[in-house]
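K.L.:
Let's see this in three dimensions:
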Amino acid sequence: MLKLTAKKESVYGKDNESEKNFEYTSGMICGSKSFEQVYGKWEMRVRFPFRKGFWPAFWLAPKQIPSLPEIDIFEYFGIEKNKIWSNHHWGLDYPNWGGEYKGKGDPFYFQEGKETIGEFSDKWMVWSFEWFPNKIVWKLDNKIVFETTKGIPTAPLYILANVAIKDFPENNKKIDDSNIPYGNGNRLHPCVSDGSE
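P.N.:
Prediction:
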């Protein structure tokens, strides 16, 4: 069992917007240096609490920049406690990519996704993603929640799992940072090892 812990602590760093001081840190699994593959199955048994501003996710990405395609096996945005999203982003590498998809259209950027509705907070779930040459399939507890035959990746992708923290406008930029450091509910158990700790 692996626990990803979120902490309220000040750290100076860089994101795709600028260098700045961040108020939070959290754990992450990143397989970019240890494991990537084309086709197959990725699966994770996971449990996390609903907390405004917390953004746990399990996803796949390529090593190239810009980082498309991106497969979001699940994203729990910490906005609405009964919605989890599965998303697929794909498109061409565009020459003057500024770190944002807004305003980009065909053939540069495509997106498909589906929300899954239910009671998810502090509940164990098994999320899986199956990638075939002719389709890609998302499952929750072995039941298909989304599938598509569009934009099937053909290059290797690596695994990521993280608990981001974001002041979403939909939450009036509020983050529920009570009782953190918080690692008790952010438990991730990758069923396919990416070789990292």
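K.L.:
got a list of contacts for stretch 77-85?
P.N.:
50-55, 72, 74-76, 113-121, 140, 166, 168, 170-171 (Cβ atoms under 8 Å, 6 or more residues apart in numbering). Every residue, glycine included, has its C-beta placed from N, CA and C.
K.L.:
What subset of those is buried?
P.N.:
Using 16 or more other Cβ atoms under 10 Å as the burial test, the contacts of stretch 77-85 include 50-55, 72, 74-76, 116, 120, 140, 171 as buried.
K.L.:
Residue 126 against residue 45, yeah?
P.N.:
Yes: using Cβ atoms under 8 Å, residue 126 is in contact with residue 45, at 5.0 Å.
K.L.:
Who's the closest spatial neighbour of residue 121, skipping the chain neighbours?
P.N.:
residue 50 (3.8 Å; Cβ to Cβ, 6 or more residues apart in numbering).
K.L.:
Which residues are in contact with the one you found?
P.N.:
Shown in contact with residue 50 (Cβ under 8 Å, 6+ apart): 76, 78, 81, 120, 121, 122.
K.L.:
Pick out whichever of those residues sits closest to residue 88.
P.N.:
Nearest to residue 88 out of those is residue 76 (Cβ to Cβ; 17.0 Å).
K.L.:
ok, that closest one touching residue 49?
P.N.:
No: using Cβ under 8 Å, residue 76 makes no contact with residue 49, being 9.8 Å away.
K.L.:
quick one: residue 70 and residue 152, what's the gap?
P.N.:
14 Å (Cβ to Cβ, to the nearest Å).
K.L.:
Let me see the contact set for residue 118.
P.N.:
82, 84.
K.L.:
In terms of pLDDT, where does it sit?
P.N.:
The per-residue pLDDT reported for residue 118 equals 93.
K.L.:
For it, what are phi and psi?
P.N.:
Backbone dihedrals for residue 118, given as degrees, to the nearest 10, come out at phi 170, psi -180.
K.L.:
Distance-wise, check the residue lying closest to residue 109 once chain neighbours are set aside relative to residue 126.
P.N.:
Excluding its sequence neighbours, the residue lying closest to residue 109 (Cβ to Cβ, 6+ apart) is residue 91, at 4.2 Å. Distance from residue 91 to residue 126, counting by Cβ to Cβ: 30 Å.
K.L.:
Of these two, which one has the most company?
P.N.:
Set residue 91 next to residue 126 and count neighbours by other Cβ atoms under 10 Å: residue 91 wins out with 18 against 14.
K.L.:
Kindly confirm whether my reading is correct that residue 167 touches residue 53.
P.N.:
Yes: at 6.1 Å, residue 167 and residue 53 qualify as touching, with contact defined as Cβ under 8 Å.
K.L.:
okay, and the common contacts of those two?
P.N.:
174, 175.
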